[in-house]
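Q: below are the sequence and a predicted model for it; my questions follow.
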Number of protein chains: 2
Amino acid sequence: MKTSSSVTFTDCSELLNAILQDYFSKSLHKAQTISPYYGQLWEELSRLAGVGGKKLRPKMSLLAYQALGGNDLQAVLPVAASLELLHVGVLIHDDIIDRDYMRYGVDNIAGGYKKLYEPIIKNDAERLHFAHSAAILAGDLLISGAYQLTLESTLEPSMVLEVQRLLSKSVFEVVGGELIDTESAFRELGDIKAETVAIYKTASYSFIAPLLIGAVMAQASAEDQAYLRLFAENLGVAFQLRDDVIGVFGDEVQTGKSTTGDIREGKRTFMVEQFYQFASDEDKKSFEKYFGNQNVTSDEVDIVKGLLVSSGALAGTEEAIARYEVKAHSALDSLGLEAEYAEQFKKLIIKATRRDK
Amino acid sequence: MKTSSSVTFTDCSELLNAILQDYFSKSLHKAQTISPYYGQLWEELSRLAGVGGKKLRPKMSLLAYQALGGNDLQAVLPVAASLELLHVGVLIHDDIIDRDYMRYGVDNIAGGYKKLYEPIIKNDAERLHFAHSAAILAGDLLISGAYQLTLESTLEPSMVLEVQRLLSKSVFEVVGGELIDTESAFRELGDIKAETVAIYKTASYSFIAPLLIGAVMAQASAEDQAYLRLFAENLGVAFQLRDDVIGVFGDEVQTGKSTTGDIREGKRTFMVEQFYQFASDEDKKSFEKYFGNQNVTSDEVDIVKGLLVSSGALAGTEEAIARYEVKAHSALDSLGLEAEYAEQFKKLIIKATRRDK
């Protein structure tokens, strides 16, 4: 199927879902020929990826592809879908590292195995270790699966290799981002900059890789690729900074997650860096009484929030988001896209930076 | 560099080492531009892979390539080397699952991080979790890195994709093998067959993938590929069965590892399956007193060994190894290789099945 007309995000959803469903059902079938227990792991993977995300990464990739002149949607769909496999694979390993057992409002792989094996492995520590083991293996499958799915594309082989170069770069960067994010908890504040984490953990594989892969497949010029990269990086960092603000000041009903978690864990966000830059020594002392304290009360959370506001940390973060937003817009202007596509990219900026959940 | 003359395993070593060193030093350099802490992870990876293995998988791949008529060694070296990255990546994750902190006689990634962070993370459980997290990420890097390194090959792009298909199949299979091997500890004996585990956990990515990838790169006929696959599978299973025998009856000085470990852990090998097939109910009862008992004494280990001998389980395993060996030889004969190469493949069989360490 060749298409020269633009395909909206909604149309893409179905096409992407079809590819992913096909991938999971074939894998499940093959796994079952090895062992029903291996089949079970693929059932869990399929369940998680099925309820899963909004497939923003594949959709952004398809948007960039079309915006930059690509018109063989069918050929690039497997590549776009591979970004979702990579994403879920990375999330599964992230969740082990963060000791989270839920994702998308349901059990993740480790969470699923923990429940499934309650009747089988009586010892809690043993069961948890087995659940983590299954999740390690599941993540491996999808990281490898991302490369595997690009092989389904009918693009020129040399183009598929080009795409894989970007894919492997994004794995390299997201792993670095994840490592230093985890490591920052054990290091002096400011030793690992929140902006560096945002670039590598968030912007790299969630924005830069999807958009650039789309552009490369559309054979965009080096100049356009450079502008798109700039757009993606600024958008990605703005997205992360907004995420940090929502993590503390967001509405729990809207976001569906606790807004005390980041304070309890002492998450070192850009906003916290701003606080340490602006606050008085006295305010820092009050802050440290509650920040990173697992047993903080809701009144104390309010004190922390108050300090983030009064110190100017929140305002400083909002200013930074606005700066990144301006840079993203400027890169977008330089791209000189058709109005229809420029509009969709602008919507992307608004979605990423002005959301409240 | 084109070469039409055969290159021995020794020559290959240097060429492979050069590619791997280049890969690690470039990655380390890039990681350091992100953060010195990310650089540290690559230093650990480089240390582990450097002391590492005998690079048997890359060497087997090169052997198959040359034996089946391939003569552009330089073009295929990165692909062969990628098998080593995959291997080390899989081992790093395996070790987390098996709670092992040593590999190749040195600290593995988790073991290295455990020591490195002693002065930094005081809480033992926290430090262990961080060490596991670093090891999860390190394994991800090398699994993705295996695909990445194939991109360095100067083979036709379509051939690189062909190779990746085999690579992704081997990841799919080794993960399945690893899962069911781990799972078998919680299941009825015989529910998960040791031979199935041997095929997927051992033969698949350690023998089938390396040899087939070599053959495919040499553009071997479908018939030759089928014989080579048969050779590899039988060789791989024989290798695993020999490993199980050595794990119990091996000489600790020769093997450098404990020969009570498998008994203490209650490892469900083919030999143990044979025991349950042959032994009397009374012998099974004695066996179960000690097998899988962490506190077993050396006298009790001798009782277990005695039961494995008297029941015929050891002899049955030796017979099975001999059967697989015959099948491997027969597949090799069907391949009709030049004498020089046939000889090298025969040496491979002897190395895999008659070794005592």
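A: Now that the structure is in, tell me what you want to look at. Residues are numbered from 1 along each chain as shown, chains lettered A, B, ... in the order given.

Q: tell me if A:A110 really is in a helix.
A: Yes - A:A110: assigned to a helix according to DSSP: H, G, I helix; E, B strand; the rest coil.

Q: and it, how far is that from chain B?
A: Shown here: A:A110 relative to chain B, a distance of 12 Å by Cβ to the nearest Cβ, to the nearest Å. C-beta here means a position set from N, CA and C on the backbone, and glycine is covered the same way.

Q: what sits against the closest residue to A:A194 other than its chain neighbours?
A: Nearest-residue entry for A:A194: A:F270, 4.0 Å, with adjacent residues in sequence omitted and distances by Cβ to Cβ, 6 or more residues apart in numbering or on different chains. When contacts are counted by Cβ atoms under 8 Å, 6 or more residues apart in numbering or on different chains, A:F270 touches A:A194, A:E195, A:A198, A:Q240, A:L241, A:D244, A:T317, A:A320.

Q: burial of the fourth one, as a residue count?
A: Looking back up the chat, that one is A:Q240. Summarising burial for A:Q240: neighbours were counted as other Cβ atoms under 10 Å in any protein chain shown, giving 26.

Q: which element is it on?
A: In this structure, A:Q240 is located in helix A:222-249 according to DSSP states H and E.

Q: what's the first helix or strand after that helix?
A: helix A:252-255.

Q: phi and psi next, for A:Q294.
A: Recorded main-chain torsions at A:Q294 are phi -60, psi -30, according to degrees, to the nearest 10.

Q: scratch that, A:M102 is what I was asking about
A: Note on A:M102: backbone dihedrals following degrees, to the nearest 10 are phi -120, psi 150.

Q: which residues does it bridge with?
A: When bridges are assigned using DSSP bridges, the partners listed for A:M102 are A:D107.

Q: pretty sure it contacts A:G111?
A: Yes - taking Cβ atoms under 8 Å as the contact criterion, A:M102 and A:G111 are neighbours in contact, 5.8 Å apart.

Q: more crowded one of those two?
A: Neighbour count, other Cβ under 10 Å: between A:M102 and A:G111, A:G111 has more, with 19 against 12.

Q: around A:D98, count how many other residues there are.
A: A:D98 sits with 14 neighbouring residues when counted by other Cβ under 10 Å.

Q: how close does it get to B:I136?
A: Distance, A:D98 to B:I136, by Cβ to Cβ, to the nearest Å: 12 Å.

Q: ditto for A:P157
A: If you measure A:P157 against B:I136 using Cβ to Cβ, the figure is 32 Å.

Q: more neighbours: which of those two?
A: Each of A:P157 and B:I136 had its neighbours counted (other Cβ under 10 Å), and the higher figure belongs to B:I136 (27 against 16).

Q: need the three-state assignment for that one.
A: For B:I136, the secondary structure call by three-state DSSP comes out as helix.

Q: near chain B, which residues of the stretch 1-150 of chain A are found?
A: Taking Cβ under 8 Å from any Cβ of the partner chain as the criterion, the stretch 1-150 of chain A approaches chain B at residues A:27, A:30-31, A:34-35, A:37-38, A:41, A:93, A:96-97, A:99, A:117, A:120-121, A:129-130, A:132-134, A:136-137, A:139-141, A:143-145, A:147-148.

Q: mind listing the helices for the stretch 101-250 of chain A?
A: In the stretch 101-250 of chain A, the helices defined using DSSP state H, counting those that start in this stretch lie at A:109-116, A:124-150, A:157-184, A:194-197, A:209-217, A:222-249.

Q: mean pLDDT added to those, as TSV?
A: Below are the helices of the stretch 101-250 of chain A laid out as TSV (pLDDT from 0 to 100):
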stretch	mean pLDDT
helix A:109-116	98
helix A:124-150	97
helix A:157-184	97
helix A:194-197	96
helix A:209-217	98
helix A:222-249	97
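
Q: give me whichever of those is most buried.
A: Ranked by mean neighbour count under mean count of other Cβ atoms under 10 Å in any protein chain shown, these are led by helix A:209-217, which reaches a mean of 27.

Q: now that one, how far from the centre of its chain.
A: Centroid displacement of helix A:209-217 relative to its chain, using Cα atoms, centre = their mean, to the nearest Å, is 16 Å.

Q: what about it, near chain B?
A: No - Helix A:209-217 is not in contact with chain B by Cβ under 8 Å from any Cβ; minimum separation 12.3 Å.

Q: just the C-alpha atoms of that helix, please, in PDB.
A: Extracted in PDB, the C-alpha atoms of helix A:209-217 (Å, rounded to 0.1, in the frame of the first residue of the first chain):
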ATOM      1  CA  ALA A 209      15.500   8.900  17.800                       C
ATOM      2  CA  PRO A 210      11.900   8.700  16.700                       C
ATOM      3  CA  LEU A 211      11.900  12.000  14.900                       C
ATOM      4  CA  LEU A 212      15.300  11.500  13.300                       C
ATOM      5  CA  ILE A 213      14.500   8.000  12.200                       C
ATOM      6  CA  GLY A 214      11.500   9.400  10.500                       C
ATOM      7  CA  ALA A 215      13.500  12.100   8.800                       C
ATOM      8  CA  VAL A 216      16.300   9.700   7.700                       C
ATOM      9  CA  MET A 217      13.700   7.300   6.200                       C
END
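
Q: the inter-axis angle of that helix versus helix A:124-150?
A: For helix A:209-217 and helix A:124-150, the angle between their directions (axes from the mean of the first three to the mean of the last three Cα atoms, to 10 degrees) works out to 20 degrees.

Q: and the angle for helix A:209-217 with helix A:157-184?
A: 160 degrees.

Q: quick one, helix A:209-217 and helix A:222-249 angle?
A: Orientation check (the same axes, to 10 degrees): helix A:209-217 against helix A:222-249 gives 160 degrees.

Q: helix A:209-217 packs against which elements?
A: helix A:56-67, helix A:73-98, helix A:157-184, helix A:222-249 (3 or more Cβ pairs under 8 Å, 6 or more residues apart in numbering or on different chains; DSSP states H and E).

Q: pLDDT on the shortest one, on average?
A: Averaging pLDDT along helix A:56-67 yields 96.

Q: do stretch A:344-357 as well
A: 91.

Q: what residues are up against the residue nearest the centre of chain A?
A: Here the mean C-alpha position of chain A is nearest to the C-alpha of A:S206 (Cα atoms, centre = their mean), at a distance of 5.0 Å. Neighbouring residues of A:S206 by Cβ under 8 Å, 6+ apart: A:L56, A:R57, A:H87, A:G236, A:F239.

Q: ok, these vs A:K285, which is closest?
A: Lowest distance from A:K285 to the contacts of A:S206 (Cβ to Cβ) belongs to A:F239, with 32.4 Å.

Q: before we move on, which element is the nearest residue to that closest one once chain neighbours are set aside in?
A: Sequence neighbours aside, A:A352 is the residue nearest to A:F239 in space, at 4.1 Å (criterion: Cβ to Cβ, 6+ apart). When secondary structure is defined by DSSP H and E, A:A352 falls within helix A:339-353.

Q: quick one: contacts of that helix?
A: Identification of contacts with helix A:339-353 by Cβ under 8 Å, 6+ apart yields A:6, A:60, A:63, A:66-67, A:231, A:235, A:238-239, A:242, A:321, A:324-325, A:328-329, A:332, A:335, A:337.

Q: drop anything exposed from the residues you listed.
A: With neighbours counted by 16 or more other Cβ atoms under 10 Å in any protein chain shown, those contain buried members at A:6, A:60, A:63, A:66-67, A:231, A:235, A:238-239, A:242, A:321, A:324-325, A:328-329, A:332, A:335, A:337.

Q: could I get the full set of helices for the stretch 251-357 of chain A?
A: Using DSSP H, counting those that start in this stretch, the helices assigned to the stretch 251-357 of chain A run over residues A:252-255, A:261-265, A:270-278, A:281-290, A:298-310, A:313-335, A:339-353.

Q: so the fourth one versus helix A:270-278, what angle?
A: Orientation check (the same axes, to 10 degrees): helix A:281-290 against helix A:270-278 gives 150 degrees.

Q: kind regards, and thank you for your time.
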